[in-house]
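> next one to model:
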Amino acid sequence: MQTIQTALCSFGMSGMLFHAPFIDVHPKFQLKAVLERTNRIAHKKYPEIQSYSNLDELLADDDLELVIVNTPNITHFEYAKKVIQAGKHLVVEKPFTATVHEAEELIALADKYGVKLSVYHNRRYDSGFRTAKKVLEKSLLGELVDVEMHFDRYVPELSYKVHKETPTPAVGNLYDLGSHLIDQSLVLFGMPHSVYADFASHRPNSKVIDYFDVKLFYESHKVTLKSSYFVREPLPGNIFHGKKGSFIKSNADVQEKDLQSGKIPSSPDWGIEPENERGLLHAEINGKVIKEYIPTERGDYMRYYDQIYNSIREGMDLPVTGLDGLKVIKVIEAAIKSNTERKVIDLKI
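Residues are numbered from 1 along each chain as shown. A predicted model of the protein is given here:
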């Protein structure tokens, strides 16, 4: 087995929690290098890695096959373009890019250079989303009427990370948390035919969006995607209503919390939610009305890297394609236009 030599372009929260732990314990990957301009935090945690002070030096490492572009949102396009031109496979953190035009350019460039390009939409592997997806795949709710998906937090203070609070392209809650919800909706239902959105900035002195309410319209149903930094009491993250029943489930995926506590992703109980967070299914099935809590699917971000390996080594499908990432940005652009013009925006699918 030939391991995939992998590098991270930064070692902030994304690199430290959502990438390095999985690459480090995955037997088919090796964390070989990290881009760290000043503090060698990654090198202290992983002494065998190579620390590079700039991207050009990192990309000159011929042993590297895969580069994770997990730098601030506004830099994704610039970094990803250089990685592709260096002939390396790449994973780009969400949001893929700031604009659809940038996404299109990167997809075309990856095709030209023959490299694999994936976007890191890890929330496809959250336990709550995987459970809701299974309920829908079994058609337990009948024809859908209304869907609501939340990604709320209680964070009234501004971030200490200046780039997250500076009103530049690809900054704000719509790009940060909204991209997760939009991707989840697109996985379940495909592209909507139209979009309506309302944004706000509720935190004192906030200059970027920290609240959004985005409506995605489909032929048979509507999807509402909401996020706010002023939700002290969490609402259910997944609310699905169909003509035969409802499914309601919290956002209780344990993976981020466990990563923050230092838990290893290869632990036997990885991704298993507490039993009291099970989703409620209230529906008519085979002529009988049932109301019961159903088992939660295991959350597992490692599946993403399993599929990345299979794609690079075996030629199998990527877990998330560049086109998937582009579609998310297309919806975001439509939502921004809707909020600005205060009207429903039709999407050309």
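
> would A80 count as being in a helix?
Yes: assigned with DSSP: H, G, I helix; E, B strand; the rest coil, A80 falls within a helix.

> which pLDDT does the model give it?
On pLDDT, A80 comes in at 98.

> just the strands in the stretch 151-300 of the chain please.
194-200, 211-217, 222-228, 238-242, 245-249, 279-285, 288-294 (DSSP state E, counting those that start in this stretch).

> the last one: partners in the sheet, and parallel or antiparallel?
Strand 288-294 has the following strand partners under DSSP bridges: strand 279-285 (antiparallel).

> ok, and for the partner strand, which residues are buried?
G279, L281, A283 (16 or more other CB atoms under 10 Å). The way it works is simple: take the backbone N, C-alpha and C, and place the C-beta from them, glycine included.

> contacting residues around that strand?
128, 131-132, 135, 140-142, 238, 242, 244-250, 289-294, 296 (CB atoms under 8 Å, 6 or more residues apart in numbering).

> chain center to that strand: distance?
Chain-centre distance of strand 279-285: 28 Å, with CA atoms, centre = their mean, to the nearest Å.

> averaged pLDDT, it. What do you get?
For strand 279-285, the per-residue pLDDT averages 97.

> now the angle from it to strand 238-242?
10 degrees (axes from the mean of the first three to the mean of the last three CA atoms, to 10 degrees).

> save the strands of the stretch 151-300 of the chain as JSON lines, and put in distance to P265 too.
Shown next, in JSON lines, are the strands of the stretch 151-300 of the chain (distance: least, CB to CB, whole Å):
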{"stretch": "strand 194-200", "distance to P265": "35"}
{"stretch": "strand 211-217", "distance to P265": "30"}
{"stretch": "strand 222-228", "distance to P265": "26"}
{"stretch": "strand 238-242", "distance to P265": "23"}
{"stretch": "strand 245-249", "distance to P265": "23"}
{"stretch": "strand 279-285", "distance to P265": "24"}
{"stretch": "strand 288-294", "distance to P265": "25"}
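
> where does pLDDT dip in this structure?
Scanning the chain for pLDDT under 70 picks out the ranges 1, 349.

> got the contact list for the residue nearest the centre of it?
With distances taken as CA atoms, centre = their mean, H121 lies nearest the centre of the chain, 2.9 Å away. H121 makes contacts with K94, S179, H180, D183, V320, D324, G325, V328, as judged by CB under 8 Å, 6+ apart.

> and the fourth one, how close does it get to V100?
When distances are taken as CB to CB, to the nearest Å, D183 and V100 turn out to be 15 Å apart.

> same drill for these two, tell me which one is more crowded.
Neighbour totals were compared for D183 and V100, and D183 leads with 25 against 18 (other CB atoms under 10 Å).

> what strand or helix carries the closest residue to Q2 other than its chain neighbours?
Among residues not flanking Q2 along the chain, R313 sits closest, at 7.4 Å (CB to CB, 6 or more residues apart in numbering). Using DSSP states H and E, R313 sits within helix 302-314.

> buried stuff in that helix?
So for helix 302-314, counting by 16+ other CB under 10 Å, buried means M302, R303, Y304, Y305, Q307, I308, Y309, S311, I312.

> dump the residue contacts of V135.
V135 makes contact with L141, F240, F247, G279, L281, I294, according to CB under 8 Å, 6+ apart.

> same check on T224?
Counting by CB under 8 Å, 6+ apart, T224 makes contact with D146, V147, E148, M149, D213, V214, K215, L216.

> which of the residues you listed are buried, as a ChimeraX select command?
In ChimeraX syntax, the buried subset of the contacts of T224 is picked out as below (16+ other CB under 10 Å):
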select :147,148,149,213,214,215,216
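
> so which of the contacts of T224 is the closest to K44?
Using CB to CB, the shortest approach to K44 within the contacts of T224 belongs to M149, at 38.4 Å.

> SS state for the closest one?
strand.

> for it, name its beta-bridge partners.
L225, N238.

> check the gap between it and Y211 for me.
Taken as CB to CB, the span from M149 to Y211 is 15 Å.

> one more: L323?
29 Å.

> with M316 instead?
As defined by CB to CB, M316 lies at a distance of 39 Å from Y211.

> okay, those two: which has more neighbours?
Shown here are M316 and Y211; by other CB under 10 Å, Y211 has more neighbours (21 against 12).

> hmm, G178 and that one touching each other?
No: if you go by CB atoms under 8 Å, Y211 and G178 don't touch, sitting 10.5 Å apart.

> shared neighbours, these two?
In terms of CB under 8 Å, 6+ apart, Y211 and G178 are both contacted by the residues S227.

> tell me the buried residues in stretch 64-78?
For stretch 64-78, using 16+ other CB under 10 Å, the buried residues are 64-77.

> just to be sure, M316 is in a helix?
No: residue state for M316 (three-state DSSP) corresponds to coil; a helix is not indicated.

> show the contacting residues for S338.
S338 sits next to V195, Y196, A197, V344, I345 when contact means CB under 8 Å, 6+ apart.
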